[in-house]
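[1] following is a predicted model, sequence given first.
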There are 4 protein chains.
Amino acid sequence: MAGNSIGQFFRVTTFGESHGLALGGIVDGVPPGISLSEKDLQHDLNRRRPGTSRYTTQRREPDQVQILSGVFDGLTTGTSIGLLIENTDQRSQDYNAIKDLYRPGHADYSYDQKYGRRDYRGGGRSSARETVVRVATGAIAKKYLAEQYGVKVRGFLAQMGDVYCKLKDWAQVEQNPFFCPDVNRLEELDALMRDLKKTGNSIGAKVTVVAENLPAGLGEPVFDRLDADLAHALMSINAVKGVEIGDGFSVITKRGSENRDEITPAGFQSNHAGGIFGGISSGQPVIAHLALKPTSSIMVPGRTVTIRNEAVEMVTHGRHDPCVGIRAVPIAEAMMAIVLMDHLLRQRAQCGNVIAAAPIW
Amino acid sequence: MAGNSIGQFFRVTTFGESHGLALGGIVDGVPPGISLSEKDLQHDLNRRRPGTSRYTTQRREPDQVQILSGVFDGLTTGTSIGLLIENTDQRSQDYNAIKDLYRPGHADYSYDQKYGRRDYRGGGRSSARETVVRVATGAIAKKYLAEQYGVKVRGFLAQMGDVYCKLKDWAQVEQNPFFCPDVNRLEELDALMRDLKKTGNSIGAKVTVVAENLPAGLGEPVFDRLDADLAHALMSINAVKGVEIGDGFSVITKRGSENRDEITPAGFQSNHAGGIFGGISSGQPVIAHLALKPTSSIMVPGRTVTIRNEAVEMVTHGRHDPCVGIRAVPIAEAMMAIVLMDHLLRQRAQCGNVIAAAPIW
Amino acid sequence: MAGNSIGQFFRVTTFGESHGLALGGIVDGVPPGISLSEKDLQHDLNRRRPGTSRYTTQRREPDQVQILSGVFDGLTTGTSIGLLIENTDQRSQDYNAIKDLYRPGHADYSYDQKYGRRDYRGGGRSSARETVVRVATGAIAKKYLAEQYGVKVRGFLAQMGDVYCKLKDWAQVEQNPFFCPDVNRLEELDALMRDLKKTGNSIGAKVTVVAENLPAGLGEPVFDRLDADLAHALMSINAVKGVEIGDGFSVITKRGSENRDEITPAGFQSNHAGGIFGGISSGQPVIAHLALKPTSSIMVPGRTVTIRNEAVEMVTHGRHDPCVGIRAVPIAEAMMAIVLMDHLLRQRAQCGNVIAAAPIW
Amino acid sequence: MAGNSIGQFFRVTTFGESHGLALGGIVDGVPPGISLSEKDLQHDLNRRRPGTSRYTTQRREPDQVQILSGVFDGLTTGTSIGLLIENTDQRSQDYNAIKDLYRPGHADYSYDQKYGRRDYRGGGRSSARETVVRVATGAIAKKYLAEQYGVKVRGFLAQMGDVYCKLKDWAQVEQNPFFCPDVNRLEELDALMRDLKKTGNSIGAKVTVVAENLPAGLGEPVFDRLDADLAHALMSINAVKGVEIGDGFSVITKRGSENRDEITPAGFQSNHAGGIFGGISSGQPVIAHLALKPTSSIMVPGRTVTIRNEAVEMVTHGRHDPCVGIRAVPIAEAMMAIVLMDHLLRQRAQCGNVIAAAPIW
């Protein structure tokens, strides 16, 4: 099927470009009877919103979402929910200079090879502005998961460049503009950001997302494993170059005796697996990490070519995030919530009547 | 949709358990007129086959594939291809001892939570034996990609434990039982394997897969990005805990000026992106890495519980691979080939008439 | 997958209710480089628009469509197209009287059984107002089919009550408010409508849709037959109770010698099959008929119950079409065009390289 | 997605040709814990089996189904079920004479236009032999629906040529080779069949399928309406040219006051709608009718052309059903059961928690 949808049962389809009139989406498969208003979506939209701190792009977008359907008398009706977010601060003129260039590290070249044309005013459909609809959709999923099952989906900045941010305090995450869970790293992060601003450069980052209280039994044993669907969803976020579940790449050097999660009558003794065995959730926290590349829109001059293959040197003067990893936190949460919600409904469909005899810890 | 299929246009659906009568699949969307016989599939099946070296499980399966439909007079007809591979060496009695246990690190527990029951004779549907159908399907995709577009999809063992295997020589990969591309690492690998056998333990691994000569323009800009679909497909392989595209997790510490792939009139000057920008192929080699955990089926005693939550110590005496990463090489190639083939057909559907003006290097 | 989408590759997803803020949709899979503007969609929207003659509902909706994305510089970009149509004349107060009733012949009761709630201000999601998005989408498909392949998709009113309308003149169809192809039936139709108005009743109708110049070879031999997909699409139109391809139900009394379409070197000698053999188009005109029931929203009193199962007599005073079959003509054309477009892209995906040796007449 | 699958959650994918080695399928989404054996499938397979009476093709196929996976210890495991049915009586030599011809009324010509080639030994993938897998799958759905919800899915021959068969007695349906529910019509049917045999001709038929005790609330209000999905499924059966729900085409001449199904506190007073309002089941019997064309494989000489467009006269001497409508009865039941089962799981996914306040009659 066409590529602008994700999810099988709980499913969002999106439209909209960086410099178009509006972005929007249709959320399908929402259970009826859930209390829902625009306010429920706005909180996460604000967390992702540009221009809220000096560390992110200065494009000013209110990102005010409208719910156009699917909610009546304050409750979801079970029918498709239309979402609309207008673009207000496009400043297309910023982009005229680069109209004929292939910005290195961007989708410009591959886009032209695919479609034979593109909206040169920005990343077009490749712009991370598209993720605004994901965040709004994720907020619906999060609300349902939390209210009906007590599931909590949260993320944080785990690393920026060489600065490691340990999960010291979930509350701290919402108290600083970096989504950093360790108050002791804030100064280093600030220093790094200042340096990037000064040098006109950017930096990569690692983000961690965690789902707690997820019921065991969600997922599938073969292609649509919960981890495979998470990998799909998280890798579909702009700038992501790697996804790990649980211990991820560190398992390469581990022995089986170290890595397996032993069980006692009190439950699992560790969570190297990140809450998923054989593609199915175990009831432990589901943990995923993602690696985000440094944005290629920087002020350091770089070589590229025009669409006529002429060599040029280019510098990006537009408004960009020096570290796209920061604002990726709410996006990653949203993508995880969408996947979990989808699998929850799928599980209900096939195994809704199952009463498992297995112990639950 | 149900979870035993992968791909939108080029699509395989599979069935079969570790200890059932047979495994099989249906491959849909194969273009007509392609020369195809069982021999074309057998080569990769033999590469994946157990019992071929002392480094892999001693379960002896000929893994002889039958094509039951979709091929007539030696050519594909365009209709669905039925594949069948019989199980011949199940030895179910091996498993009676563990019938009531949750093997740590395995899907047993989460499986029970999902379905309320399971085929306790082995991993059931979670067994890596299911991948035999993937490999056969991947061989069809590889053949088409190679013959029609010159695409070459190849993989190798990049790391096992602390032994790093650099891509020194593609030819070497097929000449040793490790799929190791560096002849100088074979002794270390052998020593590591001997040690694992002796200690009854297992080890993790890293596998790299590369597609060369892939046309630019394959993929989608939003959810069905080529990298997202690769992440899905590769993460759906048993034991995989992480997937990287191009430079993967190493981008976290990189500056934008280092990581962007500059372009000159001679083409891209580097390939940090792994051949994909904005979810769309660039014409450069597509590169993916995967991390495979050490198998949990080991002879080192481990704690677990019975289905009645009684503490037990368990040891696995069945036949298992000390490093599942080895045999994952042909599986990873197959999964990449399936994804590329699918996107090739998708691209033909939507953009079949596009003549891109962009330069091709 | 969730139920608000149709099509595999050319795919539309819709949202919006009869009495909500707006209706809209996302069209995915549109090939890039097609000239497209709102004007291209408005023509068919106007044909379907309510309030244009005294024979249709007097609800006044301009049905002005906005294209919010996917078109740049007048050409499609290949990315998803967001469509928006605002509701302007909802008059929700009309419906307060029936808030607690199950209107007989409507979806009210089954809707409540499914969702446990509904937007009682109108049919909610079951309202035929939703088809406005289908018509806009169909216009995109029609334009592409016509420009790239010369395909013409047209429909007409074939019967209303006992008045049979033969296909005498395609041009006449657009010159009367009934979409009637026979100028000699207009008076009878007018008389029938006057009678219905007077008696406050409604009548059923038959609509025929035809696609000419469609390439042979579109469709699939098994589940996704072209006729099966047409049946799905046409039966999904509000009030449709039957779908026929070609000679339809009249084949029941036919002998094989009468019904098969003989072939001579000049081509097919008849078209009983309606242009589809074995689910695949033959190059002859594709012909489908649909039966539409009389609307149940009438002024003739009828028995029903309240949501508390109390007997009541009800009369509908809202604005309704005495024959919903009239305005179904552009909707049926749209649904056929969407299916054909989808199969055209699918055919290009799998068999894009096929050069058939079969004769083309 | 590729065209050899049907259903979103309860989903079957099939392979196999008329003259290949075997036919088979994969059934996905089956709930775990259902008692299931080959015997459960064989009953319906025998009802559809050729060669059981003198009224059907004399091809002798035991149609013995094997369950290759997904069942363990007599219960479904929840994983995909592999089904295999071997071809034993292909007699390919029958077809050499027609290798280069386009049989009129068959898919030969459109098939060649699509794929550029075909298996000329029979209908290939277009053969109704493919429906054997549908019948086996339908038997799984029927069993589940019956055991878990008391749903009964049954069909009968409603008309053959000019012989009308009223639903007098469900029990009679299984007691004659015509699936005729009226014992008084058996002689006329026999006479008609003798005449067809003598003249080497064939006849069309009408089949009716009914589902009783179906819960209200199944279906969707827009594209995936229960009736639209039924239309798709039933029109995908070989030779079907028309599908009706409830009163079908007879609504064309009805007034709204006649056609709407009035409701009293005792429930619905009629069932013109065929148990579906606005695409959602009402709890009344779901009723569908299908029209099947007379087979084109007859002994009456007919005109056609060769693949080189040369005029020839052809006569079919192979073994064929003079009325394919007879054996269509179990196939139609199977397709209806598959659709109902799929929607039941879908309903559970989205609205599993809904407790409707609406009365149930």
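    Perfect, thanks for sending it. What you see is a predicted model; the values in this text were computed from it and never measured.

[2] just the helices in the stretch 251-361 of chain A please.
    A:256-259, A:324-351 (DSSP state H, counting those that start in this stretch).

[3] want to throw these into JSON lines with distance to A:His232, mean neighbour count and mean pLDDT?
    C-beta: built from backbone N, CA, C; applies to glycine. Formatted as JSON lines, the helices of the stretch 251-361 of chain A follow (distance: least, C-beta to C-beta, whole Å; neighbours: other C-beta atoms under 10 Å in any protein chain shown; pLDDT from 0 to 100):
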{"stretch": "helix A:256-259", "distance to A:His232": "24", "mean neighbour count": "22", "mean pLDDT": "96"}
{"stretch": "helix A:324-351", "distance to A:His232": "8", "mean neighbour count": "27", "mean pLDDT": "97"}
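
[4] closest to D:Val132 out of those?
    Closest to D:Val132 of these, according to C-beta to C-beta: helix A:324-351, at 25.3 Å.

[5] hmm, back to that, now tabulate the helices of the stretch 251-361 of chain A in CSV and tack on distance to C:Asp119.
    Formatted as CSV, the helices of the stretch 251-361 of chain A follow (distance: least, C-beta to C-beta, whole Å):
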stretch, distance to C:Asp119
helix A:256-259, 53
helix A:324-351, 22
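
[6] among those, which comes closest to D:Ala211?
    helix A:324-351 (19.5 Å).

[7] how about the residue of the stretch 201-350 of chain A found nearest chain C, what does it touch?
    Across the stretch 201-350 of chain A, the shortest distance to chain C (C-beta to the nearest C-beta) belongs to A:Leu345, at 9.3 Å. Residues counted as contacts of A:Leu345 (C-beta atoms under 8 Å, 6 or more residues apart in numbering or on different chains) are A:9-10, A:29, A:31, D:349-350.

[8] against A:Ile237, how distant is it?
    Distance, A:Leu345 to A:Ile237, by C-beta to C-beta, to the nearest Å: 22 Å.

[9] for chain B, what's the nearest residue on the stretch 101-250 of chain A?
    For the stretch 101-250 of chain A, C-beta to the nearest C-beta, closest residue to chain B: A:Ala107, 2.3 Å.

[10] touching, that residue and B:Ala273? I think so.
    No. A:Ala107 is beyond contact range of B:Ala273, at 10.0 Å (criterion: C-beta atoms under 8 Å).

[11] and the residue of the stretch 101-250 of chain A closest to chain B, how many neighbours does it have?
    When neighbours are counted by other C-beta atoms under 10 Å in any protein chain shown, A:Ala107 registers 27.

[12] quick one, phi/psi of the closest residue to it other than its chain neighbours?
    Once flanking residues are discounted, A:Ala107 sits nearest to B:Gly278: 2.3 Å by C-beta to C-beta, 6 or more residues apart in numbering or on different chains. Backbone geometry at B:Gly278, expressed as degrees, to the nearest 10, gives phi 60, psi 30.

[13] verify the contact between B:Gly278 and A:His106 for me.
    Yes. B:Gly278 lies in contact with A:His106 (C-beta under 8 Å); the separation is 6.8 Å.

[14] which one's more surrounded, these two?
    Neighbour count, other C-beta under 10 Å: between B:Gly278 and A:His106, B:Gly278 has more, with 28 against 24.

[15] ok, that one - contacts?
    Per C-beta under 8 Å, 6+ apart, neighbours of B:Gly278: A:106-107, A:110-111, A:123, A:126, A:238, B:221, B:225.

[16] make it 6 Å
    A:107, A:126, B:221 (C-beta atoms under 6 Å, 6 or more residues apart in numbering or on different chains).

[17] same question for A:Tyr120.
    Contacts of A:Tyr120 by C-beta under 6 Å, 6+ apart are A:Lys99.

[18] local confidence estimate at it?
    What the model reports for A:Tyr120 is a pLDDT of 85.

[19] what's the closest non-adjacent residue to A:Phe72?
    C:Asp119 is the one closest to A:Phe72 (C-beta to C-beta, 6+ apart), at 4.3 Å.

[20] mind listing the strands for the stretch 101-250 of chain A?
    In the stretch 101-250 of chain A, the strands defined using DSSP state E, counting those that start in this stretch lie at A:152-160, A:163-164, A:205-212, A:240-245.

[21] let me have these in CSV, adding distance to B:Lys198 and mean pLDDT as columns.
    Listed next are the strands of the stretch 101-250 of chain A as CSV, based on distance: least, C-beta to C-beta, whole Å; pLDDT from 0 to 100:
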stretch, distance to B:Lys198, mean pLDDT
strand A:152-160, 37, 98
strand A:163-164, 37, 98
strand A:205-212, 37, 98
strand A:240-245, 31, 98
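
[22] deepest of the ones you listed, which one?
    strand A:240-245 (a mean of 29; mean count of other C-beta atoms under 10 Å in any protein chain shown).

[23] show me what that one is packed up against.
    Applying 3 or more C-beta pairs under 6 Å, 6 or more residues apart in numbering or on different chains; DSSP states H and E, one finds that strand A:240-245 contacts helix A:226-235, strand A:286-292, strand B:240-245.
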